[in-house]
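Undergrad: Pasting the sequence and the predicted model now:
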Amino acid sequence: MQTNINTFIGFNNKFKKSKAVLFGAPFDGTTSFKPGARFAPNAMREDSWALESYSPYINKDLEDIKLCDIGDIEFPFGNKAKSLRMIERLTTRIIDQNKIPIMLGGEHLVSLATINSLYKKYKDLHILHFDAHTDLRQEYLEEKLSHATVIRRVWDIVGDDKIYQFCIRSGLKEEFTWAKKHTHLEKFTYKTLKPTIKKLKNKPVYITIDLDVLDPSIFPGTGTPEPGGISFEQILDIIKKLSKLNNVVGFDLVELSPKYDQSGVSTAVAAKVLRELTLAVIR
């Protein structure tokens with residue numbers, strides 16, 4: 001009988017033998033509305049034991065892939081710069097062992113550190129970003145490091161024509177205007193995802209999914225809910241399309257705040273998205 005330890009189901013292999021390594025980044029120090037994303041990684045782990053490791057959607061099983069969960073980073077309270085450095089160092093250790101990092105946030109700012117680490121290894125790194133929000137502000141409340149500025153900071157690293165944004169339905173007018181020259185931004189939908197994947201099929205790709213991309217009618221457990229999002233069936237369709245990529249070098253799920261959905265449905269949805277995305281892109 002297997003012991004139910006505090007790991008995500010199916011991610012119970014040893015580090016050295018694993019293809020991909022899961023870790024939690026429970027940081028929400030710049031959350032602008034309702035904090036609580038720091039509780040997401042462990043909530044997802046706990047709920048994952050109500051899931052099967054097998055996906056009938058794509059006929060694959062987490063038990064058939066060597067996966068490891070190394071737990072959460074313990075962050076210093078109130079120090080976002082040091083927290084980002086800690087994420088970057090851990091990501092670097094993972095990719096130096098030729099393994100794929102999978103990060104559970106936490107707020108969206110944590111993606112910056114992992115992307116920065118990956119860019120040092122993959123100079124042609126491309127970003128696929130799924131979100132309700134643009135996250136393209138130059139600064140927020142005079143701060144350049146924020147979950148509202150994270151994709152702008154990612155652009156500082158990777159530059160023009162490397163960031164593809166889908167399902168965006170909220171942001172400043174200036175952000176949408178800026179995106180026209182610097183990123184590929186699709187409002188509301190993901191109709192251009194299929195040709196984008198064809199274009200990027202063999203390039204190094206990092207996927208970042210802010211779970212508030214989902215409509216709050218099915219995913220209320222987030223700090224910045226934004227009506228008008230996609231359905232669970234649509235996120236499954238997105239994941240199916242992402243399975244055509246040949247060189248996903250990492251991905252993250254961020255912005256689940258489980259305490260804002262006492263039903264537990266949001267956490268269950270997040271755990272299932274993690275299972276499906278892992279099976280779709282980890283070979």
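TA: That came through fine.
Undergrad: Mind jotting down where the helices sit in the stretch 151-283 of the chain?
TA: 173-182, 193-200, 232-242, 265-281 (DSSP state H, counting those that start in this stretch).
Undergrad: Show me where the stretch 101-250 of the chain has its strands.
TA: 126-130, 163-168, 184-187, 205-210, 248-254 (DSSP state E, counting those that start in this stretch).
Undergrad: From the contact counts, what lies against the fourth one?
TA: Identification of packing neighbours for strand 205-210 by 3 or more Cβ pairs under 8 Å, 6 or more residues apart in numbering; DSSP states H and E yields helix 110-121, strand 126-130, strand 248-254, helix 265-281. Yep, even glycine has a C-beta here, placed from its N, CA and C like the rest.
Undergrad: Pipe these into JSON lines and attach mean pLDDT, mean neighbour count and distance to Asn13 per row.
TA: Formatted as JSON lines, the helices and strands packed on strand 205-210 follow (pLDDT from 0 to 100; neighbours: other Cβ atoms under 10 Å; distance: least, Cβ to Cβ, whole Å):
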{"stretch": "helix 110-121", "mean pLDDT": "98", "mean neighbour count": "23", "distance to Asn13": "21"}
{"stretch": "strand 126-130", "mean pLDDT": "98", "mean neighbour count": "24", "distance to Asn13": "27"}
{"stretch": "strand 248-254", "mean pLDDT": "98", "mean neighbour count": "24", "distance to Asn13": "18"}
{"stretch": "helix 265-281", "mean pLDDT": "98", "mean neighbour count": "23", "distance to Asn13": "13"}
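Undergrad: a markdown table please, covering these and showing distance to Lys34.
TA: Converted to a markdown table, those look like this (distance: least, Cβ to Cβ, whole Å):
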| stretch | distance to Lys34 |
| --- | --- |
| helix 110-121 | 17 |
| strand 126-130 | 21 |
| strand 248-254 | 14 |
| helix 265-281 | 13 |
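Undergrad: between these, which gets nearest to Ile235?
TA: Ranking those by proximity to Ile235 (Cβ to Cβ) places helix 265-281 first, at 6.1 Å.
Undergrad: relative to helix 232-242, how tilted is the closest one?
TA: Angle of helix 265-281 versus helix 232-242, following axes from the mean of the first three to the mean of the last three Cα atoms, to 10 degrees, is 20 degrees.
Undergrad: how deep is Asp140 tucked in, by neighbour count?
TA: For residue 140 the amino acid is Tyr, not Asp. 16 (other Cβ atoms under 10 Å).
Undergrad: Let me see the contact set for it.
TA: Thr30, Ser32, Ser146, Ala148, Thr149 (Cβ atoms under 8 Å, 6 or more residues apart in numbering).
Undergrad: Against Gly78, how distant is it?
TA: 17 Å (Cβ to Cβ, to the nearest Å).
Undergrad: likewise Glu46?
TA: 27 Å.
Undergrad: Same drill for the two, tell me which one is more crowded.
TA: Glu46 (16 against 8).
Undergrad: Contact partners for that one?
TA: Going by Cβ under 8 Å, 6+ apart, the list of residues near Glu46 reads Asn6.
Undergrad: so what's the backbone phi/psi at it?
TA: phi -60, psi -50 (degrees, to the nearest 10).
Undergrad: ditto for Thr189
TA: Per degrees, to the nearest 10, the backbone of Thr189 is at phi -130, psi -170.
Undergrad: Check the spacing between it and Gln165 real quick.
TA: For Thr189, the distance to Gln165 - Cβ to Cβ - is 12 Å.
Undergrad: These two: who's more crowded?
TA: Between Thr189 and Gln165, Gln165 has the larger neighbour count (other Cβ under 10 Å), namely 24 against 13.
Undergrad: before we move on, the earlier item: may I ask which of the contacts of Tyr140 has the most neighbours?
TA: Ala148 (26 neighbours).
Undergrad: pLDDT below threshold where in this protein?
TA: 1-5 (pLDDT under 70).
Undergrad: hmm, 90 instead?
TA: Scanning the chain for pLDDT under 90 picks out the ranges 1-6, 29-34, 77-78, 141-142.
Undergrad: which non-adjacent residue is nearest Lys203?
TA: Excluding the flanking residues, the one nearest Lys203 by Cβ to Cβ, 6 or more residues apart in numbering is His126, at 5.4 Å.
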